[in-house]
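Q: Fold the stuff below for me.
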Amino acid sequence: MPTADPTADREAQLRTRAFARVIGPYVATFGIVYAIRLPDLRGLVGDLFAQTFNVLVLGALMLAAGLVVIGLHRNWRGPLAVAISLFGWFVAIRGFLLIATPSTIEAGAGATLLSPTATIVARVFFAALGVLGLVFAYAGWFRPVRSA
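A: Next up is the predicted model:
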């Protein structure tokens, strides 16, 4: 039975930490800001979808960012690594959907902002996403790497 390469395992952990360092503060910032300001963003959604180019660029950037995470983070060992990998897939799929079906995304965002209950659910979702970002940031910047 072949033994696991401790160097490869350590490199995978370091890569996961690097992604957590970048993704964590970004997701924490936007998750918390969206949770607080979501009702104020009604006009922003309309403005975004009013320009097809903006939606296309946003979708392309999201798809590219998700594919970078998917392509460079191939570690699925441990909860942090799984969460980073799933985040990459989530961003890539959202980017693809923005490019492929922008009217569906616009309708969903509009319906969410028009419904008080859906807005509360969305605010809770973004708050949870913000907390996840803080966990990523903590794990990336402060948690020690396990030795092999």
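
Q: And the lowest mean pLDDT element among the helices and strands of the chain?
A: helix 42-50 (a mean of 86; mean pLDDT, DSSP states H and E).

Q: which strands and helices sit next to that helix?
A: helix 52-72, helix 102-114 (3 or more Cβ pairs under 8 Å, 6 or more residues apart in numbering; DSSP states H and E). From N, CA and C alone the C-beta is placed, and that goes for glycine too.

Q: Out of the ones you listed, the one nearest Val91 is which?
A: helix 52-72 (3.6 Å; Cβ to Cβ).

Q: Rounded mean pLDDT for the following helix or strand past that closest one, please.
A: Downstream of helix 52-72, the next assigned helix or strand under DSSP states H and E is helix 79-100. With pLDDT averaged residue by residue, helix 79-100 scores 96.

Q: now swap in stretch 136-143 and tell me
A: Rounded mean pLDDT across stretch 136-143 is 93.

Q: repeat for stretch 113-129
A: Rounded mean pLDDT across stretch 113-129 is 94.

Q: And the least confident helix or strand of the chain, what's buried?
A: Leu48, Phe49 (16 or more other Cβ atoms under 10 Å).

Q: Tell me how far Thr52 lies from Leu132.
A: 31 Å (Cβ to Cβ, to the nearest Å).

Q: that older thread, other residues contacting the least confident helix or strand of the chain?
A: In this structure, residues lying in contact with helix 42-50 by Cβ atoms under 8 Å, 6 or more residues apart in numbering are Asn54, Val55, Leu58, Pro102, Glu106, Ala109, Gly110, Leu113.
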